[in-house]
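> Structure for this input, please:
(2 chains)
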Number of protein chains: 2
Amino acid sequence: MLKIVLDAMGGDNAPYEIVKGAVLGIQQLEHMKVILVGDESKIKDILKDFTYDTERIEVVNASEIIDNHDAPVVAIRKKKDSSLVKGLTMLKDKQADAFISAGSTGALLAGGTLIVGRIPGIERPALAPLLPTKKGMTLLIDCGANVDSKASYLVQYATMGSIYLENVLGISNPKVALVNIGSEESKGNALVKETFPLLQQTNLNFTGNIEARDILYGDADVVVCDAFVGNVILKLTEGLSSLLIQEIKVGLMSNTISKLGALLIKKTLKKTLKKFLTSEYGGAPLLGVNGLVIKAHGNTDHKNIVACLVQSQKFYDQKINQKIQEKLGNEQDIKEGI
Amino acid sequence: MLKIVLDAMGGDNAPYEIVKGAVLGIQQLEHMKVILVGDESKIKDILKDFTYDTERIEVVNASEIIDNHDAPVVAIRKKKDSSLVKGLTMLKDKQADAFISAGSTGALLAGGTLIVGRIPGIERPALAPLLPTKKGMTLLIDCGANVDSKASYLVQYATMGSIYLENVLGISNPKVALVNIGSEESKGNALVKETFPLLQQTNLNFTGNIEARDILYGDADVVVCDAFVGNVILKLTEGLSSLLIQEIKVGLMSNTISKLGALLIKKTLKKTLKKFLTSEYGGAPLLGVNGLVIKAHGNTDHKNIVACLVQSQKFYDQKINQKIQEKLGNEQDIKEGI
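Next up, the predicted model:
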């Protein structure tokens, strides 16, 4: 039985959507138990409205909440009775197999490393969200906390990202590309110039540099960059998509003819835009920590929570962390041998 | 009489649109002379179809073309008879006041620095395109060649960008923001952490950090970053806008009802999207070089060339380079005095 801890208090729609997601999730996933951590009375109040297998949903009380205004490392150290710290501690103590939260990204990243710890051989854990592209999805790694990265980190990200995509999303021999400002090998800053030949030396399916304008056309499966650049790509994509959609809507409502047209295109337009705004693939895994930590989007709903639970099941079944350790533990040994 | 050199061979629509832009430009700008550099016979063939003041358009032959496949620095050194090298050399020799090209960005950046040279006191010239935003336009600086920037460069970019916006676009006391992955001062990589307090010490209207998702909402007038990040922002914005528009069009054509709706909304949608795809403001100035160098977009048309000519006139009238030198030359002296 797989045990998943869900942060019932994280995200804009907590706790209702998180709790509902847990109930629907265990209906779909037979061999899963969910532990909801957070305000016990609120969680139980919500659970009352649902029928579910009471053996497979447990509630653990946590009296504190870490929010986006808290300084991550300070919050992890001081708010010991928060849902986030309690959940990550259960993961560390092997009382659970995964922790999922839609709460503060910074606190989750800090807690993942400080509480759960790294897989031996991993230099830095990396947050790897999926970006919607023309062709489907691309894994963007790192969008986490390592803003001053080394080339060796980026090579590890590429390896971890490839293992994840191959095993969880079933993309065989995923194409790996390095974010750069031109396609030629000679381009870029010191970090990417150092990383390029290192990626060539791996047995990954490294296809070279990718320019930001091409990422969303989906030519690469794993897109590698340092976390500063990753954050810029992720947030700009989100910001621009929402802005364009807002502006299109405002435009359509500006006159009678286009209002009429809007009625006719509404369904089709919604379908197109949905592709670029939502994810059916769950959340972003924090790859490289010694346990499964998943960051769900801040505005996550029950459907997305179910997707995160499915994702956790696959991650577990495919023994991703064991594969990462085998792959990068070995490489580490080779390095140390030289 | 202001003398502008136009690279007649640069960009996707050269030479026709460039030549047409020159003809229309001098009609609008009475005190301007345009020197078209490139394949003389082709240029003269196009000019034949227009009526214009022959005293104010001159043609200078250049037998070579530098394209995007050429390595910039090598091309600048070897293709001495290219339109780009000839034009920049005229600027350096004070035979002209500005050089405008829609050709290779890399070669223009290399040539701007190597041939024309820097304004005394400027550490690195920076390319500063305007990004379309919800509220209008934001200057993004640097999108040029300085991918491994120092904090002092970024402070100079902020100053040059502010002078440019204030004088050429008439935005008084422009708001300056630093691209970062969070809004708090403590966030970011080593470069932005070092830059933040330096920007606070200037007398610029520094409003703090800006996250990538907020840039396109237009809350800052001058958005400062190193060229790697700047390139990612610029190209991702272009790529995502085009992709969304393509996908919306494909979606609308997918069924009869939405096809009918598309007819009704066509005009309004076009107006909305145009705001995010084109610029009426000319090209991107390479700020900090000892002369005016403007990079026009690769797919520039005659209207955009006219806008670049108007932009050059304003740059010249407002004595931008003199103001940059006064401002940053002074600061340089102060630094050296300490």
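
> any idea which element residue A:188 lies in?
Under DSSP states H and E, no helix or strand contains residue A:188.

> Name the nearest residue to it, ignoring sequence neighbours.
Of all residues not flanking residue A:188 in the chain, residue A:180 sits nearest, at 4.6 Å (CB to CB, 6 or more residues apart in numbering or on different chains). Backbone N, C-alpha and C define where each C-beta goes, glycine included.

> mind checking how far that neighbour is from residue A:222?
15 Å (CB to CB, to the nearest Å).

> and if you look at residue A:298?
Distance from residue A:298 to residue A:222, counting by CB to CB: 24 Å.

> So the two - more neighbours on which side?
Between residue A:298 and residue A:222, residue A:222 has the larger neighbour count (other CB atoms under 10 Å in any protein chain shown), namely 29 against 15.

> Name all residues that make contact with that one.
A:138-139, A:141, A:158, A:161-162, A:165, A:174-177 (CB atoms under 8 Å, 6 or more residues apart in numbering or on different chains).

> could you dump the residues you listed to CSV with pLDDT, secondary structure and neighbour count?
Formatted as CSV, the contacts of residue A:222 follow (pLDDT from 0 to 100; DSSP: H, G, I helix; E, B strand; the rest coil; neighbours: other CB atoms under 10 Å in any protein chain shown):
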residue, pLDDT, secondary structure, neighbour count
A:138, 94, strand, 27
A:139, 96, strand, 28
A:141, 98, strand, 30
A:158, 98, helix, 26
A:161, 97, helix, 26
A:162, 98, helix, 26
A:165, 95, helix, 24
A:174, 98, coil, 21
A:175, 98, strand, 20
A:176, 98, strand, 27
A:177, 98, strand, 25
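
> quick check, nearest of the residues you listed to residue B:48?
residue A:177 (47.9 Å; CB to CB).

> Touching, that closest one and residue A:204? I think so.
No - using CB atoms under 8 Å, residue A:177 is not in contact with residue A:204, being 10.4 Å away.

> Quick check: chain neighbours aside, which residue is closest to the closest residue to chain B within the stretch 1-150 of chain A?
At 3.9 Å from chain B, residue A:147 is the closest residue in the stretch 1-150 of chain A, using CB to the nearest CB. Leaving aside its chain neighbours, residue A:147 sits nearest to residue B:189 (3.9 Å; criterion: CB to CB, 6+ apart).

> got the contact list for the one you found?
By CB under 8 Å, 6+ apart, the contact set of residue B:189 is A:147-148, A:226, A:228.

> List only buried entries from those.
A:147, A:226, A:228 (16 or more other CB atoms under 10 Å in any protein chain shown).

> Those into TSV, with extra columns for secondary structure and pLDDT?
Below are the buried ones among the contacts of residue B:189 laid out as TSV (DSSP: H, G, I helix; E, B strand; the rest coil; pLDDT from 0 to 100):
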residue	secondary structure	pLDDT
A:147	coil	88
A:226	coil	97
A:228	helix	97
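
> So is stretch A:196-216 next to chain B?
Yes - judged by CB under 8 Å from any CB of the partner chain, stretch A:196-216 comes into contact with chain B at A:211-216.

> List just the nearest of the residues you listed to residue A:27.
residue A:216 (34.8 Å).

> and residue A:103, which of the three is it?
Under DSSP: H, G, I helix; E, B strand; the rest coil, residue A:103 falls in the coil class.

> I'd assumed residue A:64 was in contact with it.
No - Residue A:103 is beyond contact range of residue A:64, at 11.6 Å (criterion: CB under 8 Å).
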